[in-house]
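K.L.:
Everything below, folded, please.
(chains A and B)
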Amino acid sequence: ETGVTQTPRHLVMGMTNKKSLKCEQHLGHNAMYWYKQSAKKPLELMFVYSLEERVENNSVPSRFSPECPNSSHLFLHLHTLQPEDSALYLCASSQEPGNTEAFFGQGTRLTVV
Amino acid sequence: SQQGEEDPQALSIQEGENATMNCSYKTSINNLQWYRQNSGRGLVHLILIRSNEREKHSGRLRVTLDTSKKSSSLLITASRAADTASYFCATNYNQGGKLIFGQGTELSVKP
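P.N.:
All right, here's what the predicted structure looks like:
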């Protein structure tokens, strides 16, 4: 248990669906991240939030929309996804963005059909 | 790309042996971090080494950093079957909050 909780753990969605991934941390951290991990590929940084403000956006398609309503919660809203978006989506948090150790959630395994 | 590169991609050893994994990167860094991932699960932080440090230890783990060669190594001594996992290096560059991961090394420790 790292203190970072992701829900749901598994999600199957159609290409026309809209769904959201949720991440929650109660570690008092100021930075939160979304990563995508596809098979045989390195972790891809998607978004970084620091004190609820987006500080990094790594050229992610607009069908992925992040939201950080407060420093403890991070969402990833999904709409009109493609099958190649199927992957493990990992949320992480750290005290400061990039400069301290990151704590990861267990991930959401997303399958787009 | 700022992404680090790791080698080997896969490593298979016997229990009790030492395992060494290497990570190279391209530009100046603030820090370099090592993580472990068991199959399909979240990553667990192992060690963070800052750019002005050369070596750090944590239990059976030893990390070195050579900024002149832009490389780091992770040594696991007296390996155990439970050390079987993927190991990733991640670098924090001198701009922003990016923490960029390498492709990882898959370590298999056979009992």
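K.L.:
At the contact with chain B, which residues of chain A appear?
P.N.:
A:2, A:4, A:31, A:33, A:35, A:41-43, A:45, A:48, A:50, A:55-56, A:58, A:88, A:90, A:92, A:94, A:96-107, A:109 (Cβ under 8 Å from any Cβ of the partner chain). For every residue, glycine as well, the C-beta is placed using N, CA and C.
K.L.:
Name only those of the residues you listed that count as buried.
P.N.:
A:2, A:4, A:31, A:33, A:35, A:42-43, A:45, A:48, A:50, A:56, A:88, A:90, A:92, A:94, A:97-98, A:100-107, A:109 (16 or more other Cβ atoms under 10 Å in any protein chain shown).
K.L.:
Inside strands: which ones of these?
P.N.:
A:4, A:31, A:33, A:35, A:45, A:48, A:50, A:56, A:88, A:90, A:92, A:94, A:103-104, A:109 (DSSP state E).
K.L.:
what ranges of chain A fall below the confidence cut-off?
P.N.:
For chain A, residues meeting the criterion pLDDT under 70 lie at A:1.
K.L.:
And the residue of chain A that's closest to chain B?
P.N.:
Nearest to chain B in chain A, going by Cβ to the nearest Cβ, is A:Pro97, at a distance of 2.4 Å.
K.L.:
Check the gap between the nearest residue to that residue once chain neighbours are set aside and A:Val48 for me.
P.N.:
Distances taken as Cβ to Cβ, 6 or more residues apart in numbering or on different chains put B:Gly97 closest to A:Pro97, at 2.4 Å, once the chain neighbours are dropped. Applying Cβ to Cβ, to the nearest Å, the value for B:Gly97 to A:Val48 is 4 Å.
K.L.:
Alright, I will stop here.
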